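**Q** this one's structure only:
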């Protein structure tokens, strides 16, 4: 069950991603202290990356490998800083034409 802060973060991040990527197939699902970044493909959700709240101002990020394991990125920062890093590294995976 996501905490209230994670729900608000999920809505804000989803809105930001949709504006920046220019499509509605990207979704952000709150899960505990995680924000799961997902792409919708033929009605199925594929989780690409996650942002994890470490404390009130610090987030970490990880990406999902083809085996389903989470591999953390070596950085920590604000939610927006980590989202920027995820977009730089994994933005193409959040585009529907790549599925």
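**A** Everything's here; your move. What you see is a predicted model; the values in this text were computed from it and never measured.

**Q** CA atoms for contacts and neighbours, from now on please.
**A** Noted.

**Q** Run through this protein and note the low-pLDDT ranges.
**A** Across the chain, the ranges flagged by pLDDT under 70 are 1-2, 99.

**Q** try 80 this time
**A** 1-3, 98-99 (pLDDT under 80).

**Q** can you give me the helices in it?
**A** 4-21, 79-90 (DSSP state H).

**Q** ok, longest strand in the protein?
**A** strand 44-53 (DSSP state E).

**Q** Show me what the most centrally placed residue in the chain is bridged to.
**A** Geometric centre of the chain, nearest residue: residue 37, 2.9 Å, by Cα atoms, centre = their mean. When bridges are called by DSSP bridges, residue 37 pairs up with residue 28, residue 49.

**Q** How about the contacts made by it?
**A** 26, 27, 28, 29, 47, 48, 49, 50, 51 (Cα atoms under 8 Å, 6 or more residues apart in numbering).

**Q** The residue found closest to residue 34 once you drop the neighbours it is linked to in the chain and residue 61: what is the separation?
**A** Once flanking residues are discounted, residue 34 sits nearest to residue 52: 4.4 Å by Cα to Cα, 6 or more residues apart in numbering. Taking Cα to Cα, to the nearest Å as the measure, residue 52 and residue 61 are separated by 6 Å.

**Q** out of these two, which sits in the more crowded spot?
**A** Neighbour count, other Cα atoms under 10 Å: between residue 52 and residue 61, residue 61 has more, with 25 against 21.

**Q** got the contact list for the nearest residue to the more buried one once chain neighbours are set aside?
**A** Leaving aside its sequence neighbours, residue 61 sits nearest to residue 51 (Cα to Cα, 6+ apart; 4.5 Å). Residues in contact with residue 51 (Cα under 8 Å, 6+ apart) are 34, 35, 36, 37, 59, 60, 61, 62, 79, 82, 83.
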